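S.K.: Next input, structure requested:
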Amino acid sequence: MSNMSSELIATLFVAISLRSIISMNSYSGFNKPPMFGDYEAQRHWQEITVNLEVKQWYTNSTHNDLQYWGLDYPPLTAYHSYLLGRAAERLNPRYVELNKSRGFESKDHKSYMRFTVLVADALVFIPAILALSVSMDRIYKKNLKLQLQLLFAIYPGQALIDNGHFQYNNISLGLAVLAVAGLLCDMIYVAAFAFTLALNYKQMELYHALPFFAYLLSTSLSQKSAKSAVKELSIIATIVLSTFAILWYPWSSSIDATSDVLLRLFPVKRGVFEDKVANFWCSINVVYKLKKHFSDHKMALICFGTTLLTALPINVHLFFRRSKYIFILSLFNTAASFFLFSFQVHEKTILLLTLPSICLFYWWPKEMLWFLKLSVFSMIPLFKRDNLLVPTVGLMIIFNLTFKSRYFKSNENEICHRKLKISITQISEILMIAIFLAFISIEPPSRFPDIWPLIICIISCAHISMFLIWGYTKQFT
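M.R.: Numbers count the residues shown, from 1 in each chain. Just a heads-up that it's a prediction; the model follows:
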């Protein structure tokens, strides 16, 4: 076995080990009735899918109170919850007992739930990042396969959300990573299928949908003849539509049933945002109260228009100037546009920006490492609520020590530019550390109890806006 293969395998074991250690910590909603948190949401979905008929999974009823963690992710998530629920039922029926298991907490159940996330890491996310690392290394030959693999493996944000806070982003992100790897290797049909699965696991993958659509459409229309173009488009459309048809089949016979699912996936009534999140609308809400001036439906239209206005030029450019590098840059820029301006953004959605940012590490290592640190900073209030600050600090120390060294030597003409970038980065990181220390040590005034989360929100939003401008500049120049 070669040294490189040994190092890659060691990296995979590091990824699983760190995630296992994080799994020993607290989780979202631990011992916090009446709603508990995302941990309870995932458990409750297992309860619903195991005990009710498929058509009732997204419909409000006596046994399915949608106000209590009703299913709000697409069918592939529901099927996954069903499989986990069946396994939980065999271990202990109390885990998923209908209407009687709400808020169920025990050491054995926590072990089971944590194990299911690690299984998803091992079966979906880690193989996908290995495929992407190998494919990028073969295409660009920059000998950064190990660094890219290591970035995915020890990036704190994704592990803290999935293995700490508790979610299964590793599945949707893993499928999206596999789609990127397929596209980079010119395996267009694999890319179309994998991304369709990702979109049907979490609707937030819409953040990545426009670049995939633009690239696949451009690839199809660039065939040598009209006949070949029609054939290519037809095959891709068949893959996408047939995958949707199979996954949505239980609800397809009824317009009402389909509407119930769509209303759960896009809940306009929940408002433009809930918790403090580092996007434009939450930041501007500090001085201009949006809910006082706009209804939820008007705000949804404003968000849609603003997002489209910022994201469309990126993807039109990708369509006409198609390349794999521009595709990855478009993924980052489009996701940043969606995060900043779309409706119902959550803190955890920043993970959709980190996927392309890790891929861009090949070209912009210092900038992307800076962005990854920022992404963790933006989620600090969430980690504090979940009692995950200790593992957050520990992982960030490991992350910083691992990627402290320089990856590229600067020539004389680049020295001034790099010094400027380094100084800006250092100022930013010092600012983030200072605010973090203040956040955990200084009690907010009673008049402004949310002052620290708001400061983190605004500073993070300013950074992400700056990165979007940077991304626009890199793409269009």
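
S.K.: show me what contacts the closest residue to Glu47 other than its chain neighbours?
M.R.: Using Cβ to Cβ, 6 or more residues apart in numbering and skipping residues adjacent in sequence, the residue nearest Glu47 is Val96, 4.4 Å away. Using the backbone N, CA and C atoms, a C-beta is placed for each residue, glycine as well. With contact set as Cβ atoms under 8 Å, 6 or more residues apart in numbering, Val96 has these partners: Arg43, Gln46, Glu47, Val50, Asn51, Gly85, Ala88, Glu89.

S.K.: So Val96 versus Leu76, what's the distance?
M.R.: 19 Å (Cβ to Cβ, to the nearest Å).

S.K.: Ok, Glu347 next?
M.R.: Separation of Glu347 from Leu76 (Cβ to Cβ) stands at 23 Å.

S.K.: The two: which has the busier surroundings?
M.R.: Glu347 (27 against 21; other Cβ atoms under 10 Å).

S.K.: I'd assumed Ala278 was in contact with that one.
M.R.: Yes. Counting by Cβ atoms under 8 Å, Ala278 is a contact partner of Glu347 at 7.3 Å.

S.K.: anything in contact with each of those two?
M.R.: Going by Cβ under 8 Å, 6+ apart, residues that sit against Glu347 and also against Ala278 are Ser378.

S.K.: before we move on, the earlier item: go through the contacts of Val96 and name the one nearest Glu367.
M.R.: Nearest to Glu367 out of the contacts of Val96 is Arg43 (Cβ to Cβ; 39.4 Å).

S.K.: looking at it, the closest one is touching Met113, isn't it?
M.R.: Yes. At 6.8 Å, Arg43 counts as touching Met113 under the criterion of Cβ under 8 Å.

S.K.: which one of the two has more residues nearby?
M.R.: Between Arg43 and Met113, counted using other Cβ under 10 Å, the more crowded position is Arg43 (26 against 19).

S.K.: Contact partners for the more buried one?
M.R.: Taking Cβ under 8 Å, 6+ apart as the test, what Arg43 contacts is Ala88, Tyr95, Val96, Ser101, Phe104, His109, Met113.

S.K.: For these, pick the one with the most neighbours.
M.R.: Using other Cβ under 10 Å as the neighbour criterion, Val96 leads the contacts of Arg43 with 26 neighbours.

S.K.: Can you read off the pLDDT for that residue?
M.R.: The model reports Val96 with a pLDDT of 95.

S.K.: cool, Leu151 as well?
M.R.: Reported pLDDT for Leu151: 89.

S.K.: Could you find the closest non-adjacent residue to it?
M.R.: Leaving out its chain neighbours, the residue that sits closest to Leu151 by Cβ to Cβ, 6+ apart is Ile358, at 5.0 Å.

S.K.: which other residues reach the host helix or strand of the one you found?
M.R.: Counting by DSSP states H and E, the element that carries Ile358 is helix 351-359. Outside helix 351-359, the residues that touch it by Cβ under 8 Å, 6+ apart are 132, 136, 148, 151-152, 155, 157-158, 161, 169, 173, 176-177, 180, 204-205, 207-208, 328-329, 331-332, 335-336, 338-339, 368, 371-372, 375, 464.

S.K.: just the CA coordinates of that helix, formatted as CSV?
M.R.: What follows is helix 351-359 as a C-alpha-only set of coordinates in CSV (Å, rounded to 0.1, in the frame of the first residue of the first chain):
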residue,chain,number,x,y,z
LEU,A,351,-23.0,24.4,5.3
LEU,A,352,-24.2,24.7,1.7
LEU,A,353,-21.6,27.4,1.1
THR,A,354,-18.8,25.4,2.8
LEU,A,355,-19.1,22.5,0.2
PRO,A,356,-18.0,24.6,-2.8
SER,A,357,-15.6,26.7,-0.6
ILE,A,358,-13.7,23.5,0.2
CYS,A,359,-13.6,22.7,-3.5
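
S.K.: So which of the contacts of helix 351-359 are in helices?
M.R.: Among the contacts of helix 351-359, the members falling in helices are 132, 136, 148, 151-152, 157-158, 169, 173, 176-177, 180, 207-208, 328-329, 331-332, 335-336, 338-339, 368, 371-372, 375, 464 (criterion: DSSP state H).

S.K.: A PyMOL selection for these, restricted to the buried ones, would help me check which they are.
M.R.: A single PyMOL command selects the buried members of those (16 or more other Cβ atoms under 10 Å):
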select buried, resi 132+136+148+151+152+157+158+169+173+176+177+180+207+208+328+329+331+332+335+336+338+339+368+371+372+375+464
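
S.K.: Report the contact partners of Tyr362.
M.R.: When contacts are counted by Cβ under 8 Å, 6+ apart, Tyr362 touches Met136, Tyr140, Lys142, Leu144, Leu148.

S.K.: distance of the second one from Leu329?
M.R.: This points to Tyr140. Distance from Tyr140 to Leu329, counting by Cβ to Cβ: 14 Å.

S.K.: same question, the fourth one
M.R.: Using Cβ to Cβ, we find Leu144 at a distance of 17 Å from Leu329.

S.K.: out of the contacts of Val96, who's nearest Arg19?
M.R.: For these, the residue nearest Arg19 by Cβ to Cβ is Arg43; the value is 19.4 Å.

S.K.: Can you list the buried residues in the helix or strand containing Lys292?
M.R.: Taking DSSP H and E as the definition, Lys292 sits inside helix 290-293. Within helix 290-293, the residues scored as buried using 16+ other Cβ under 10 Å are Leu290.

S.K.: follow-up on the earlier one: as CSV, the contacts of Val96 with secondary structure and distance to Ser446 would be great.
M.R.: Listed next are these as CSV, based on DSSP: H, G, I helix; E, B strand; the rest coil; distance: Cβ to Cβ, whole Å:
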residue, secondary structure, distance to Ser446
Arg43, helix, 36
Gln46, helix, 41
Glu47, helix, 40
Val50, helix, 46
Asn51, helix, 45
Gly85, helix, 44
Ala88, helix, 43
Glu89, helix, 47
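
S.K.: Closest one to Leu454 out of these, please.
M.R.: Arg43 (31.6 Å).

S.K.: On the pLDDT front, check that closest one for me.
M.R.: pLDDT at Arg43 comes out at 96.

S.K.: swap in Ser254?
M.R.: With respect to pLDDT, Ser254 has a value of 87.

S.K.: Could you tell me which residues make contact with the residue nearest to it when sequence neighbours are not counted?
M.R.: Of all residues not flanking Ser254 in the chain, Lys55 sits nearest, at 7.4 Å (Cβ to Cβ, 6+ apart). Lys55 is in contact with Pro250, Trp251, Ser254, Ala257, counting by Cβ under 8 Å, 6+ apart.

S.K.: Got a PyMOL select line for the buried ones in the residues you listed?
M.R.: Buried subset of the contacts of Lys55, written as a PyMOL selection, criterion 16+ other Cβ under 10 Å:
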select buried, resi 250+251+257
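
S.K.: Which members of the contacts of Lys55 occur in strands, if any?
M.R.: Using DSSP state E, no member of the contacts of Lys55 sits in strands.

S.K.: hmm, which two among the contacts of Lys55 are most spread apart?
M.R.: With Cβ to Cβ as the measure, no two of the contacts of Lys55 lie farther apart than Pro250 and Ser254, at 9.5 Å.
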